[in-house]
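# test case, fold it:
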Amino acid sequence: MYMEIKKLEDIIKGHERFVITTHANPDGDAIGSVIGFYHLLKSYGKEGRIISHSPLPDYLRFADPETLLEWYSPEKHDEYISHADVVVCLDFNNLSRVHSMEQPVRTSLAMKICIDHHQLPEDVFAWIYSDTLASSTCELVYRVIKTMNQAAFTQQAVQALYLGLVTDTGSFRFDRTTPEVHRMAADLIERGADMMLVTRNIYETGTLGRMKAIGEMITTMQIYGDKSEIAVIHITRDMLNRYGMSPEDTEGFEQYMMMINTVKVGVKVVDLKEGFKSSLRSKGAAEVHLIAQKFGGGGHKNAAGIPKLFTPADEFIKEIVEDIKKYLEESKREEN
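Now for the predicted structure:
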């Protein structure tokens, strides 16, 4: 690890203009890692701009009080991206994940580097720090800062990195929550991260509309399989409109499927203005990233996502449920 990080330090010291970016529809880990890395660049006196295909979600605004994240527009950002020295990709490893920014990033002559914990990275990076066993990208950025320059542990950086640890570990519930992760969280709190600020904003700021939507989602949840091993929720445009919600407001809805003791795989489908997107969750040995790959998605063993699709949602649900059934049946045969 030291040699990998030493190479990153050489890259930072040898360049001046940096673009920092993350995947579309950023979550807590994405926002935490880009803000953490921004402060690392600042600690070396470098120029960095955080540019994102998606605007900052409302529920994560508390993590960016300086309004560092810029919502991408070609007129405002393409020239800067094309003349940057380095593009830093955080919490994703395939350039398609930046959606509208893909072409300007891909064609830029800037060096492209990556810090990420997902599988199957695209072969476009001059330097990559990847650990698929890490709990989060914020864990990796924490390691980098701890090794390179602890002056980057500013108040905003430690708050952002703590946010990423909390959200990507499911509040320290998921299986990649190692003793090291707990020690990182403790260190960040000692350095000034406000634990209750994260708790209030992530878990205690839901609107009445969101709570009513959760109720309807639970009552309309579909269960499949002889042993009720598959759960599906479909958040329709009608539901979003009735409860005054955006697709981003459905973050965390997956957990309600996984509370059912028989469910091994859960599928959330959320309608967009055009098409829909989906996320998958699993328990134990079920590797949902393998299922997501068939539909152009990816992720982790127990958590994966599928980007925007335009086929009828009902047809997609029918197809993916059948795929999951086959996958679970094959897994059972292999165990026996």
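# show me which residues of stretch 5-13 are buried.
5, 8, 11-12 (16 or more other Cβ atoms under 10 Å). C-beta coordinates here come from the backbone N, C-alpha and C atoms, glycine included.
# nearest to Thr132 among the residues you listed?
Closest approach to Thr132 among those (Cβ to Cβ): Ile5, at 17.6 Å.
# what about that closest one, which SS state?
Secondary structure assignment for Ile5 (DSSP: H, G, I helix; E, B strand; the rest coil): helix.
# number of nearby residues for the closest residue to it other than its chain neighbours?
Take Ile5 and drop its neighbours on the chain: the residue closest to it by Cβ to Cβ, 6 or more residues apart in numbering is Thr147, 4.8 Å away. The tally of other residues near Thr147 (other Cβ atoms under 10 Å) stands at 15.
# gap between Thr147 and Gly170?
Going from Thr147 to Gly170 by Cβ to Cβ, to the nearest Å gives 27 Å.
# then Lys268?
15 Å.
# who's more crowded, the two?
Lys268 (24 against 19).
# which helix or which strand is home to that one?
Per DSSP states H and E, Lys268 falls inside strand 265-271.
# partner strands of that strand, parallel or antiparallel?
strand 230-235 (parallel), strand 276-282 (antiparallel) (DSSP bridges).
# who touches that strand?
Applying Cβ atoms under 8 Å, 6 or more residues apart in numbering, the contact partners of strand 265-271 are 229-237, 240, 247, 250, 253-254, 257-258, 276-283, 286, 288, 291, 313, 316-317, 320-321, 324, 328.
# buried ones among these?
For the contacts of strand 265-271, buried by 16+ other Cβ under 10 Å: 229-235, 240, 247, 250, 253-254, 257-258, 276-282, 286, 288, 291, 313, 316-317, 320-321, 324, 328.
# for Tyr129, see how far away the residue nearest to Ile5 is.
11 Å.
# return every residue with contacts to both of those two.
With Cβ under 8 Å, 6+ apart, Thr147 and Tyr129 have common neighbours Ile5.
# returning to what we had before: buried ones in the strand holding Lys268?
So for strand 265-271, counting by 16+ other Cβ under 10 Å, buried means 265-271.
# can I get these in JSON lines with distance to Pro179 and pLDDT?
Formatted as JSON lines, these follow (distance: Cβ to Cβ, whole Å; pLDDT from 0 to 100):
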{"residue": "Val265", "distance to Pro179": "28", "pLDDT": "98"}
{"residue": "Gly266", "distance to Pro179": "28", "pLDDT": "98"}
{"residue": "Val267", "distance to Pro179": "32", "pLDDT": "98"}
{"residue": "Lys268", "distance to Pro179": "31", "pLDDT": "98"}
{"residue": "Val269", "distance to Pro179": "36", "pLDDT": "98"}
{"residue": "Val270", "distance to Pro179": "35", "pLDDT": "98"}
{"residue": "Asp271", "distance to Pro179": "41", "pLDDT": "97"}
